[in-house]
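Undergrad: prediction below, plus the sequence it came from.
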Amino acid sequence: MRASRALGLVPILVLLLAWQWAASAGLYAAVLLPPPLAVAQVFLDEPAQLAYHMMASLTRVAIGVGWAFVIAVPLGLLIGRYHWLDMLTDWSIQMFRSFPPISLIPLALLFFGIGDKPAVVLIFISAFWPLIINTIFGVRSVERTLLRVAKSSRAGEWLIFTDIMLPASLPAIFTGLRLAIGAGWLTVVTAEMIAVRSGLGYMILNAQMTFRSDLIIAGILVIGVVGLAADQGVRALRGYLCRWQEGLTASPE
Amino acid sequence: MSAAETLDLGVTRGGDARFLQCATLSKTFDTRTGIVEALRKIELDVPLGEFVCFLGASGCGKSTLLSIIGGLETPSAGQVLLNGKAIVKPSPDLSFVFQDHGLFPWMTVEQNCAFSLKASGMGRAARLAKAREYLALVGLQGFGTRFPHELSGGMKQRVGIARALTTDPKLLLMDEPFGALDAQTRANLQQELLRIWSGRQATVLFVTHSIDEALILADRIVVFHPRPGRIRADVRVALPRPRDIHAPEFGAMARELEALLQTPT
Ligand SMILES: Nc1ncnc2c1ncn2[C@@H]1O[C@H](COP(=O)(O)OP(=O)(O)O)[C@@H](O)[C@H]1O
Ligand SMILES: [Mg+2]
């Protein structure tokens, strides 16, 4: 039997119920951790504020990940195709990708000051590595026979990139994109707590100053839901663009 | 080629003997475990229009020879001449069919079939029209918009053959194209291939390790021996087509080839 997708909601619902019950039963100080209904009230009372900060964060992630995508994917295709480029860049990629983006915040602030720029740059950096690494991996997985077909058909390099390398690595590129969006989303919240005056990270930190733990939790919920929605969106896009893969890859029972 | 013996049993199917020439062709690979002599001093002339099978156990250099003739690999010594001109890179006059069909999984059957034409710079409408024409030739009309994973092994290989034919090659290089197919599908495709070949003026070099397959298809069978890869014998098959596996002449030749494959040189 095929388990329904809705099964994924069960743990979340159970958690909400237990939480509401614990708060009403007075098991802990509800001021510190308001129950679900109190948090729901925030969504009813202050939707504009939540939407404003959400859009600010989303815009930054879209710009940062977008730039990372248009630079990392072509670069990854080239590195995957040309051995000398791989030799040239491999160690650098392995080294730079180990830097936690958070540790770069002080530098980003020094360079760009307070504002959108340091946040977007940090998102770019954290999205860049998963994208380039997965693209390179994707190119490597191109079947040898297919390259022989291309060569014997006397296909030019451009055609090899557009018609073979790119589509062949598309599944891996999508894996990279999912990781990139996840990393970018984590980074934006952190960066906003320090470097900007808008966005969900800023909103949450500000709520702490004003002792609004209900707003903190509402913000965290938005972060979680947007993260999930973005991931589902990318998966759906991948399912459509890589439908030729059906039947080629194993899927879990 | 002193060790090779020629059993000339009949007529040659027309054409200029100088169509394809391999002259003292050798190929060695430098591997981690040492030097592998994949081919040693191959001498081979094939006229236009001939159907030649390369027969031999695996590892005797058949694929390597095909790759060199196809311009995908360079020989360590010697050269290949096509119409008197040395082959140094893939020629527009030849096409490959690979054992694992080499279809692009992300392209539809039609797009796959049109790929060689696209690579040659033909416009979209023209190449798709031509692709459909060749898909019909191999019995796949109506399957153009499917993806390869929706086809059976035999159908995939039909697409591979159709794609190879779209550029109207004078030389068709087939590396164990039916090796992965079941017996029935294989028999069907062998007959289809003969039908298609007899309708055009093209040379086929067909690699197989099945004696029966070679005897069903070939005008001429080149028998290879391994370590180093070299030609053991060059046998003409003068049996009339369609060939009957159960005919005594067929059986006699099969035994002869079997002996050639096994005797040490
Ligand atoms: N790219 C390569 N690198 C190293 N050795 C190779 C390579 N290609 C083929 N060989 C070796 O050359 C010999 C002939 O191989 P191949 O031409 O594939 O034989 P066949 O097609 O008759 O089975 C084998 O010993 C094989 O291991
Ligand atoms: Mg082989």
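TA: Received it, and whenever you're ready, just let me know what you need. Ligands and ions are numbered 1, 2, ... in the order given.
Undergrad: how many neighbours does residue A:174 have?
TA: Counted with other C-beta atoms under 10 Å in any protein chain shown, residues neighbouring residue A:174 total 19. Any C-beta I mention is one placed from the backbone N, CA and C, and that applies to glycine too.
Undergrad: hmm, residue A:222 is touching residue A:199, no?
TA: No. Shown here, residue A:222 and residue A:199 do not form a contact pair, counting by C-beta atoms under 8 Å, at 10.9 Å.
Undergrad: what touches both of the two?
TA: Among the neighbours of residue A:222, none is also in contact with residue A:199 (C-beta atoms under 8 Å, 6 or more residues apart in numbering or on different chains).
Undergrad: ok, those two, which is more surrounded?
TA: Higher neighbour count among residue A:222 and residue A:199: residue A:199, with 28 against 19, using other C-beta under 10 Å.
Undergrad: please name the nearest non-neighbouring residue to the more buried one.
TA: Residue nearest to residue A:199 in three dimensions, not counting chain neighbours: residue A:192, with 3.8 Å by C-beta to C-beta, 6 or more residues apart in numbering or on different chains.
Undergrad: quick one: contacts for that neighbour?
TA: For residue A:192, the contacting residues are A:56, A:57, A:60, A:119, A:198, A:199, A:200, A:201, A:202, A:205, taking C-beta under 8 Å, 6+ apart as the criterion.
Undergrad: same question, residue B:135
TA: Taking C-beta under 8 Å, 6+ apart as the definition of contact, the neighbours of residue B:135 are B:109, B:110, B:113, B:141, B:143, B:144, B:159, B:162.
Undergrad: go on, residue A:79?
TA: Neighbour list for residue A:79: A:85, A:86, A:89, A:132, A:136, A:139 [criterion: C-beta under 8 Å, 6+ apart].
Undergrad: start to end distance for stretch A:191-200?
TA: Length of stretch A:191-200, first residue to last, C-alpha to C-alpha, to the nearest Å: 10 Å.
Undergrad: centre of the chain versus it, how much separation?
TA: When distances are taken as C-alpha atoms, centre = their mean, to the nearest Å, stretch A:191-200 is centred 17 Å away from the chain's centroid.
Undergrad: can you list the buried residues in it?
TA: The neighbour-count check on stretch A:191-200 (16 or more other C-beta atoms under 10 Å in any protein chain shown) flags A:191, A:192, A:193, A:194, A:195, A:196, A:198, A:199, A:200 as buried.
Undergrad: which one of the contacts of residue A:192 sits closest to residue B:247?
TA: When the contacts of residue A:192 are compared for distance to residue B:247 (C-beta to C-beta), residue A:60 wins out at 78.6 Å.
Undergrad: my guess is that closest one meets residue A:123, correct?
TA: Yes. When contacts are counted by C-beta under 8 Å, residue A:60 is listed as touching residue A:123 (6.1 Å).
Undergrad: now do the shared contacts for those two.
TA: Residues touching both residue A:60 and residue A:123 (C-beta under 8 Å, 6+ apart) are A:188, A:191.
Undergrad: so the two - more neighbours on which side?
TA: residue A:123 (30 against 27).
Undergrad: which of the residues in the helix or strand where residue A:233 lies are buried?
TA: Per DSSP states H and E, residue A:233 falls inside helix A:213-241. Residues A:213-219, A:221-223, A:226-227, A:230-231, A:234, A:238 are the ones in helix A:213-241 that count as buried (16+ other C-beta under 10 Å).
Undergrad: out of those, who's nearest chain B?
TA: For chain B, the nearest member of these is residue A:238. The distance, counting by C-beta to the nearest C-beta, is 12.7 Å.
Undergrad: just give the nearest non-adjacent residue to that closest one, would you?
TA: Excluding its sequence neighbours, the residue lying closest to residue A:238 (C-beta to C-beta, 6+ apart) is residue A:174, at 4.0 Å.
Undergrad: give the next helix or strand downstream of the helix or strand containing the one you found.
TA: Under the criterion DSSP H and E, the helix or strand holding residue A:174 is helix A:166-195. Scanning the chain past helix A:166-195 towards its C-terminal end, the next helix or strand to appear is helix A:200-209 (assignment: DSSP H and E).
Undergrad: which strands and helices sit next to that next one?
TA: For helix A:200-209, the contact count by 3 or more C-beta pairs under 8 Å, 6 or more residues apart in numbering or on different chains; DSSP states H and E identifies helix A:47-81, helix A:166-195, helix A:213-241 as packing neighbours.
Undergrad: next, the angle from the shortest one to helix A:166-195.
TA: In other words, helix A:213-241. With axes from the mean of the first three to the mean of the last three C-alpha atoms, to 10 degrees defining the directions, helix A:213-241 sits at 170 degrees from helix A:166-195.
Undergrad: what is helix A:213-241 packed up against?
TA: When contacts are defined as 3+ C-beta pairs under 8 Å, 6+ apart, helix A:213-241 packs onto helix A:36-45, helix A:47-81, helix A:166-195, helix A:200-209.
Undergrad: tell me which residues in stretch B:31-39 are buried?
TA: B:36, B:37, B:38, B:39.
Undergrad: so residue B:52 touches residue B:45, yeah?
TA: No. At 10.4 Å, residue B:52 does not count as touching residue B:45 under the criterion of C-beta under 8 Å.
Undergrad: neighbour count: these two, which is higher?
TA: residue B:52 (22 against 15).
Undergrad: quickly list what the more buried one is bridged to.
TA: The bridge-partner assignment for residue B:52, based on DSSP bridges, gives residue B:205, residue B:220.
Undergrad: tell me the contacts of it?
TA: Neighbouring residues of residue B:52 by C-beta under 8 Å, 6+ apart: B:46, B:203, B:204, B:205, B:206, B:218, B:219, B:220, B:221, B:222.
Undergrad: and with 10 Å instead?
TA: Contacts here follow C-beta atoms under 10 Å, 6 or more residues apart in numbering or on different chains; on that basis residue B:52 touches B:20, B:44, B:46, B:203-207, B:214, B:217-222, B:234.
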